[in-house]
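A.B. asks: What follows is a protein structure lacking sequence information:
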């Protein structure tokens, strides 16, 4: 997955980093609880920059990751994390049982709906009683063509309804669902995202793509499009 190798060395905007850290803390709390005291086994699929990994380590949880990019996997291993390099499904043998799983912006890369069901089912089968799955994905109802334009590996679009149906098909119960727009969780950020989508037209994108280096304008616009967030637990 060479396309994602640049994520390791790409320049960081400090404002963007702070927003990502805030997002990670909120998502982490949804998965493990704000005041979890007992050590847990956490699996993350698609760990990216390692924000969830750092939060897990700071709270002395046992952390495992699965990452398709060899470069990203190696970078996280160099930081001391256990990372299996490969694609899912299937899941690797370890960990044998998990308390929480994070699959943030992974499900949209699945090739078929059936593969997505098999993916979630494999996670469910590894969960201990009370285990939690946290899934985030672009809200296709609001991203529209930007869903495909933002990343050529985006294949499987989801709306809130489709995501809930997927989790139900894998015999899981949704216990929380919402949106987040940048660092804003809930629906407060939706009007700003709508206004941005009205102003950032295809013509504006054509001009800025040529004038602004590293496609920063488009990347900034995409950060304020709404993403779905769902938390689910196994039914049995």
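C.D. replies: Cool, got the structure. All values reported here derive from a predicted model rather than from experimental measurement.
A.B. asks: From here on, just use CA atoms for contacts and neighbour counts.
C.D. replies: OK.
A.B. asks: spatially speaking, which residue is in the middle of this structure?
C.D. replies: For the chain, the residue nearest the mean C-alpha position is residue 104 (1.5 Å; Cα atoms, centre = their mean).
A.B. asks: Pull the contacting residues for that residue.
C.D. replies: Residue 104 makes contact with 45, 46, 134, 135, 136, 137, according to Cα atoms under 8 Å, 6 or more residues apart in numbering.
A.B. asks: cutoff 7 Å now
C.D. replies: If a contact means Cα atoms under 7 Å, 6 or more residues apart in numbering, then residue 104 has 46, 135, 136, 137 as its contacts.
A.B. asks: For the first one, grab phi and psi.
C.D. replies: Dihedral angles phi and psi of residue 46 (degrees, to the nearest 10) take the values phi 80, psi 70.
A.B. asks: And the pLDDT at residue 214?
C.D. replies: Looking at residue 214, its pLDDT is 81.
A.B. asks: And residue 7, by the same measure?
C.D. replies: The score at residue 7 is 55. That number is its pLDDT.
A.B. asks: cool, and residue 188?
C.D. replies: If you check residue 188, the pLDDT there is 93.
A.B. asks: How many residues are close by it?
C.D. replies: Other residues within reach of residue 188 by the criterion other Cα atoms under 10 Å amount to 12.
A.B. asks: What separation do you get for it and residue 180?
C.D. replies: 9 Å (Cα to Cα, to the nearest Å).
A.B. asks: Next: residue 41.
C.D. replies: Applying Cα to Cα, one obtains 26 Å for the distance of residue 41 from residue 180.
A.B. asks: residue ranges with poor pLDDT in the chain?
C.D. replies: Flagging of the chain using pLDDT under 70 yields the residue ranges 1-14, 34-37.
A.B. asks: all helices in it, in order from the N-terminus.
C.D. replies: If DSSP state H is used as the criterion, the helices of the chain fall at 6-9, 14-32, 51-58, 70-78, 113-126, 140-143, 146-149, 160-169, 190-199, 202-211, 216-222.
A.B. asks: quick check: angle from the strand ranked longest in the chain to helix 160-169?
C.D. replies: The longest strand of the chain (DSSP state E) is strand 127-138. Angular relation of strand 127-138 and helix 160-169 on a 0 to 180 degree scale: 160 degrees, by axes from the mean of the first three to the mean of the last three Cα atoms, to 10 degrees.
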